[in-house]
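Q: Predicted structure and sequence below. I'll ask about it afterward.
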Amino acid sequence: MTNAGHRLWTLGIEHFAFAMKPVHIIGVPLDLGAGRRGVDMGPSAFRIAAIRNQIAALGRPVVDKGDVPAPIPETHRPADERKKYIREIAKVCQRLHEVVLRSFDAGALPVVLGGDHSLAAGSVAASAAWVQRSAERPIGVLWVDAHGDMNTPETTTSGNVHGMPLAALLGGGPEELAAIGGRTSARPEHTVLVGIRNLDEQEKDRIRDAGVHVFTMKDIDRDGIASVAERAIALASAGTGGIHVSFDMDVCDPSIAPGVGTPVKGGLDYREAHMVMELVADSRMLVALDLVEVNPTLDIRNTTAEFATELALSALGKRIL
């Protein structure tokens, strides 16, 4: 066999292994980190969109592991206005961390359905721990979001914790989230933000100082989504044992994803969002996927959950041809 033939054979084996890896669906009806109610119904909206059956149609074994229990705001008090419901959120994230690790130990690829984005403090920390243990390498993080989620209790203007998980994963506050799985689950040099277009003033300084890689919507408009996504995936892949993709549906334009709590005009369009996920699948580096901030109370006929389900399929290898 020629070198070229051997490489094609190896790539084929790798693609087959990725395509046949079991998927574990994990719902997280977390509705404590956001300012608007409704994201606790996000996991149910995905199930109404038949996400399990659609993933199974790709030929993958798939198990719905149910939901990680999460309290509702009506039964608790915020306690600290700078980091509202932090104790309760941290408990949910710790439970999620344990569930995701069990999925990894079972040889599965976790697909985490939210729920607000604060859940990523648990899911990404679990990916980081598993990749470090299995490959002795750090995790790459692809944070696809309209927002930076790098506020801390000191910089926040709202106290909503869904604006803080990436700061916690990088070792900042809030301490309750940063402590999950040990401090500094993500490293700035392997962390890439894509689709950013709405940042608080102090958060801008934190992002600049952190040293993470950032591709704003201006970068996407100027260079095109294919170029940006390829560069982002390369940065998150370099020297890592895999990529955790944390995809906030508000990165997409509200015209195609209306069911989100913090919509911002000028986001990714339908094909741009799919392109990101298709290139993630092509990289064969995906180890886990979050799809978060689906709010059915603000949606139109479950449009956003159905679209997010399509994006999950693209990330898991569904092809046009």
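A: Cool, the structure landed.
Q: Residue for residue, what is the longest helix this protein has?
A: As assigned by DSSP state H, the longest helix anywhere in the chain is helix 86-105.
Q: Show me what it packs onto, helices and strands only.
A: strand 23-28, strand 109-114, helix 120-135, helix 175-178, strand 286-292 (3 or more CB pairs under 8 Å, 6 or more residues apart in numbering; DSSP states H and E). From N, CA and C alone the C-beta is placed, and that goes for glycine too.
Q: go with 7 Å
A: Applying 3 or more CB pairs under 7 Å, 6 or more residues apart in numbering; DSSP states H and E, one finds that helix 86-105 makes contact with strand 23-28, helix 120-135, helix 175-178.
Q: Of those, which is nearest Glu189?
A: helix 120-135 (13.8 Å; CB to CB).
Q: helix or strand right after that closest one?
A: strand 140-144 (DSSP states H and E).
Q: Just checking: what are the partner strands of that next one?
A: strand 191-196 (parallel), strand 243-248 (parallel) (DSSP bridges).
Q: where are the low-confidence patches of the stretch 151-300 of the chain?
A: Along the stretch 151-300 of the chain, no part satisfies pLDDT under 70.
Q: just the helices in it please.
A: Under the criterion DSSP state H, counting those that start in this stretch, the stretch 151-300 of the chain contains helices at 165-169, 175-178, 201-210, 217-223, 225-237, 270-283.
Q: nearest to Arg95, of the ones you listed?
A: helix 175-178 (13.2 Å).
Q: Could you dump the helices of the stretch 151-300 of the chain into CSV and include distance to Gln94 and mean neighbour count?
A: Below are these laid out as CSV (distance: least, CB to CB, whole Å; neighbours: other CB atoms under 10 Å):
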stretch, distance to Gln94, mean neighbour count
helix 165-169, 12, 30
helix 175-178, 9, 22
helix 201-210, 24, 15
helix 217-223, 34, 15
helix 225-237, 25, 20
helix 270-283, 27, 20
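Q: Out of those, the one nearest Trp130 is which?
A: Judged by CB to CB, the one of those that comes nearest to Trp130 is helix 165-169, at 14.6 Å.
Q: Point out the other helices and strands that the closest one packs with.
A: helix 120-135, helix 175-178.
Q: 6 Å instead, please
A: helix 120-135 (3 or more CB pairs under 6 Å, 6 or more residues apart in numbering; DSSP states H and E).
Q: hang on, the earlier thing: in JSON lines: the helices of the stretch 151-300 of the chain, plus distance to Ala315.
A: Below are these laid out as JSON lines (distance: least, CB to CB, whole Å):
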{"stretch": "helix 165-169", "distance to Ala315": "19"}
{"stretch": "helix 175-178", "distance to Ala315": "25"}
{"stretch": "helix 201-210", "distance to Ala315": "25"}
{"stretch": "helix 217-223", "distance to Ala315": "18"}
{"stretch": "helix 225-237", "distance to Ala315": "11"}
{"stretch": "helix 270-283", "distance to Ala315": "4"}
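Q: Which one of those lies nearest to Lys318?
A: That would be helix 270-283 among the helices of the stretch 151-300 of the chain, by CB to CB, at 7.8 Å.
Q: which helices and strands does the closest one pack with?
A: Looks like helix 270-283 contacts helix 225-237, helix 303-315 (3+ CB pairs under 6 Å, 6+ apart).
Q: can you list contacts of that helix?
A: For helix 270-283, contacts defined as CB atoms under 6 Å, 6 or more residues apart in numbering pick out Ile225, Ala229, Ile233, Val245, Cys252, Ile256, Leu286, Leu311, Ser314, Ala315, Gly317.
Q: Do I have it right that the last one meets Lys21?
A: Right, the one you point to is Gly317. No: Gly317 is not in contact with Lys21 according to CB atoms under 6 Å; the separation is 9.6 Å.
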